[in-house]
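# Starting from these lines, generate the structure:
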Amino acid sequence: MPAPARLPIFPLPLVLLPGEIQPLHIFEPRYRQLLGDCLDGNRTFGLVCRTAEVAEREIPAGTAGCVAHVDTSQALPDGRSNITVSGRSRFTLEHFVDDPAPYHVALVSPLDDMDEAEDEMFPLADRLRSLFTRVGRSARAIQDDSTPLPELPPSPAALSFAIGQYIDLDLETKQQLLATTSPFERLRQLDRVLTPIVDSVEQRALVHTRARHNGHGTLP
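Residues are numbered from 1 along each chain as shown. Down below sits the predicted model:
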């Protein structure tokens, strides 16, 4: 097992999943420094979800996080920056360490998936693709949005993270998805989220579409 590595840590009230693209606004001086150091180095830092009830240095050991890669950075005249990051590999927070940098630095260990048979996951993965398509198309219809749905990866393990970034999950559920090392269980988690809502979302989309065409939302 690889030894823990030092990683700059950015605690934020959000969860970043592998493959997810996330815009961030950098304004605190310490995180401006973190950004500068990242851009001068390998362009990565660790993003860990932190809620308001937990102090930054009191994030528990064992908390799952995600390596964020700075894809784009736009410096503003006052020193702030708008950046986009993409989620890379996952890690487990071991503990914070003392460092001369003004931002947090921690020792982290890789968080890898269990070895599970992909062929056993395909039926559930196919079901989730169908559920995602039904919910996504209905949501687009309700918003009068003709944008195509995003392409989903073929791998069931990657699929769970891809769907997780496109649907509305609360922080606790999304953090649980990030921390789960069983791809099969991640697919089950998403199935439990999507299955109860698909019929109601499709019904709302049908009412909305008919209302646009006949001036009211009453079904015949």
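
# so where's the protein shaky on pLDDT?
1-2, 214-220 (pLDDT under 70).

# Tell me where the longest helix sits in it.
helix 118-142 (DSSP state H).

# Check which element follows that helix along the chain.
helix 156-166 (DSSP states H and E).

# gap between Asp144 and His208?
8 Å (C-beta to C-beta, to the nearest Å). All C-beta atoms are positioned from the backbone trio N, CA, C, and that covers glycine.

# Mind checking which of those two has more residues around it?
Between Asp144 and His208, counted using other C-beta atoms under 10 Å, the more crowded position is His208 (15 against 9).

# wait, that one sits on Ala139?
No. Using C-beta atoms under 8 Å, His208 is not in contact with Ala139, being 10.5 Å away.

# Would you state the strands of this protein in chain order?
Here the chain has its strands, by DSSP state E, at 5-12, 21-26, 44-49, 64-75, 81-97, 104-110.

# In a markdown table: those, plus distance to His213 and mean neighbour count.
Conversion of the strands of the chain to a markdown table gives the following (distance: least, C-beta to C-beta, whole Å; neighbours: other C-beta atoms under 10 Å):
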| stretch | distance to His213 | mean neighbour count |
| --- | --- | --- |
| strand 5-12 | 43 | 19 |
| strand 21-26 | 35 | 15 |
| strand 44-49 | 43 | 22 |
| strand 64-75 | 41 | 18 |
| strand 81-97 | 39 | 18 |
| strand 104-110 | 53 | 19 |
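
# Can you give me every residue that contacts Pro196?
Applying C-beta atoms under 8 Å, 6 or more residues apart in numbering to Pro196 gives no contacts.

# Look up phi and psi at it.
phi -70, psi -20 (degrees, to the nearest 10).

# Check the gap between it and Arg129 for me.
18 Å.

# cool, and Leu7?
34 Å.

# Does Gly87 touch Val67 like I think?
Yes. Using C-beta under 8 Å, Gly87 is in contact with Val67, at 7.3 Å.

# and Thr72, what is it in contact with?
Here Thr72 is in contact with 83-84 (criterion: C-beta under 8 Å, 6+ apart).

# Who does it form a beta bridge with?
Note on Thr72: beta-bridge partners Thr84, judged by DSSP bridges.

# how near is it to Arg50?
24 Å.

# Thr147 now?
32 Å.

# burial count for Arg192?
10.

# any idea how far Arg212 is from it?
32 Å.

# what does Gly79 give?
From Gly79 to Arg212 the distance is 47 Å (C-beta to C-beta).

# Next: Asn82.
If you go by C-beta to C-beta, the gap between Asn82 and Arg212 works out to 36 Å.

# May I see the buried residues of stretch 155-174?
156-157, 159-167, 169, 173-174 (16 or more other C-beta atoms under 10 Å).

# pretty sure Asp188 contacts Met121?
One thing to correct before we go on: residue 188 is Arg, not Asp. No. Judged on C-beta under 8 Å, Arg188 makes no contact with Met121 at a distance of 10.0 Å.
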